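Engineer: let's see this in three dimensions:
(one chain, ligands or ions: 1)
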Amino acid sequence: MNSNASSLAEKAAIDAGLDFSRLPVHVAIIMDGNGRWAKKRRLNRIKGHEKGAETVRMVLRTFRKIGIPNLTLFAFSTENWQRPKTEVAALMRLLKKFLLSEEQEMIENNIRLNAIGQLERFPEDVQKSIQKVMGSTEQNDGLLLSIALSYGGRADIQKMVYDIAAKVKTGKIDPAEITPELISNHLYTRSVPDPDLLIRTSGEMRISNFYLWQIAYTELYMTKTLWPDFSKEECIGILKEYQQRNRRYGNIEE
Ligand code: FPP
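Structural biologist: Numbering: from 1, shown residues only. A predicted model of the protein is given here:
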């Protein structure tokens, strides 16, 4: 067990009987249901995203205290650009606010920020805040927080094929050298292990163009809870359920 044993989140995890020797190395989350959460309360969708940003803070803190080394949050997909301009702008504002308000806590708690996706499509001020926090946390070697921004699994694969094809064309890579490892090393996630567990909130049973290549052997957990209602207790419960799963990777049980 790590030195944070006295922290509240860990206490909740200890009380729940979580096995700290069998934690997932990488958890990825599709944070869904902010709009429905707001609609149920007759609020503007943006209020749902604001409440969702609070859940992001809680989940990050909980995972850091438990000692999970990698967390990916699917914050903005390649398709999300199609949403109304006001909603896109609100999401940009919330992202920037989150990054700048969490920067100090990330530095103090050994969290490294890794933004992945088509970052060049973001407004300059958002890009600057991403680069600022990536720079100020780059020496950290605790939790690696990957935030998927203008990310799409297909766009990731398309870019990987383009980059490998370009290297084949100039003779840097021989086609015989194209292995699963080489492919993984040309994706946005090249510095991150494949997820052990993928959580999706809001009850939808689909991947929605999130990680595709990376989830070949990932355990899936779909919960009906809307993202703004997602709690520390449910989060720990899902980790416990993950520890009951029998992962065989296509092999047979020992
Ligand atoms: C899905 O809910 C959520 C998103 C498209 C964006 C996720 C953003 C946040 C959680 C807040 C800001 C992010 C960070 C990293 C601080 P939805 O709008 O698709 O919900 P619905 O399906 O109910 O309409």
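Engineer: what sits against the closest residue to residue 87 other than its chain neighbours?
Structural biologist: Setting aside the residues directly before and after it, residue 87 is nearest to residue 45 in space (C-beta to C-beta, 6 or more residues apart in numbering), at 6.2 Å. From N, CA and C alone the C-beta is placed, and that goes for glycine too. Shown in contact with residue 45 (C-beta atoms under 8 Å, 6 or more residues apart in numbering): 34, 35, 38, 39, 87.
Engineer: which bits of this structure sit near the ligand?
Structural biologist: Residues of the chain lying close to the ligand (C-beta under 6 Å from any ligand atom) are 31-36, 49, 52-53, 56, 73, 75, 80, 91, 94-95, 98, 147, 202, 227.
Engineer: among the residues you listed, which ones are buried?
Structural biologist: Using 16 or more other C-beta atoms under 10 Å as the burial test, the residues of the chain next to the ligand include 31-36, 49, 52-53, 56, 73, 75, 80, 91, 94-95, 98, 147, 202, 227 as buried.
Engineer: just the ones in strands from those, please.
Structural biologist: 73, 75, 147 (DSSP state E).
Engineer: for residue 75, see how far away the nearest residue to residue 36 once chain neighbours are set aside is.
Structural biologist: The spatial neighbour of residue 36 that comes closest, neighbours along the chain excluded (C-beta to C-beta, 6+ apart), is residue 226 at 5.6 Å. Note on residue 226: its distance to residue 75, by C-beta to C-beta, to the nearest Å, is 16 Å.
Engineer: the closest residue to the ligand within the stretch 1-150 of the chain: what's it in contact with?
Structural biologist: Using C-beta to the nearest ligand atom, the single residue of the stretch 1-150 of the chain nearest to the ligand is residue 35, 2.4 Å away. Contacts here follow C-beta under 8 Å, 6+ apart; on that basis residue 35 touches 45, 48.
Engineer: just give me how far whichever helix in the chain runs longest sits from the chain centre.
Structural biologist: Longest helix in the chain, counting residues (DSSP state H): helix 85-108. Relative to the chain's own centre, helix 85-108 is displaced by 15 Å; criterion: C-alpha atoms, centre = their mean, to the nearest Å.
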